[in-house]
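Peer 1: sequence unknown, structure follows:
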């Protein structure tokens, strides 16, 4: 069965990589769907897709793609019966509960059933927001970002001197 792990991935962190690695062990193919416009990203889609691809190149059953539109449409178009989501804390649970009902309703409108599977993060202290903030403050982010993309992430998100 195929699964999709959607997100803005701004930037792609070790927390995201952990969720993908575990999902790849559960499903035949995992699509990492990098959202074009979530209203919160700071890096462009091409850069975010590249960072995810580089981070996940060692996992053979993972495909990274950018997308614009609804996650349920992406799942249906790519024959994914499962949407994978990561949970870090209680605030994620409340947010994900709302998404769950939306995903189910949209799938039902297309006469499709999509299951949502939640994986609890092994790295609950890691977030893209925290990484961006640490880089802005010129702090070390090695424990949050794959070594494969560390330099690219720092260069992409570091503050520019004006």
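Peer 2: Great, that's in hand. A quick note: this is a predicted structure, and the numbers were derived from the prediction, not measured.
Peer 1: what packs against the top helix by length along the chain?
Peer 2: Ranked by number of residues, the top helix in the chain under DSSP state H is helix 90-109. Secondary-structure packing of helix 90-109 (3 or more Cβ pairs under 8 Å, 6 or more residues apart in numbering; DSSP states H and E): helix 71-77, strand 80-87, strand 115-120. Where you see a C-beta, it was placed from the backbone N, CA and C, and this is true even at glycine.
Peer 1: let's see 6 Å
Peer 2: Where contact means 3 or more Cβ pairs under 6 Å, 6 or more residues apart in numbering; DSSP states H and E, helix 90-109 is packed against helix 71-77.
Peer 1: which parts of the helix it packs on are buried?
Peer 2: Neighbour-count burial for helix 71-77, counted by 16 or more other Cβ atoms under 10 Å, picks out 71-72, 74-76.
Peer 1: give me the distance between residue 22 and residue 71.
Peer 2: From residue 22 over to residue 71 the distance is 19 Å, taken as Cβ to Cβ, to the nearest Å.
Peer 1: ditto for residue 32
Peer 2: Counting by Cβ to Cβ, the gap from residue 32 to residue 71 is 12 Å.
Peer 1: ok, back up a step: closest to residue 106 among the buried residues of helix 71-77?
Peer 2: Comparing the buried residues of helix 71-77 against residue 106 with Cβ to Cβ places residue 72 closest, at 4.1 Å.
Peer 1: can you count the residues close to the residue lying closest to the closest one once chain neighbours are set aside?
Peer 2: Distances taken as Cβ to Cβ, 6 or more residues apart in numbering put residue 106 closest to residue 72, at 4.1 Å, once the chain neighbours are dropped. Neighbour count of residue 106, defined by other Cβ atoms under 10 Å: 17.
Peer 1: now this protein, which segments are flagged as low pLDDT?
Peer 2: 38, 40-41, 160-162 (pLDDT under 70).
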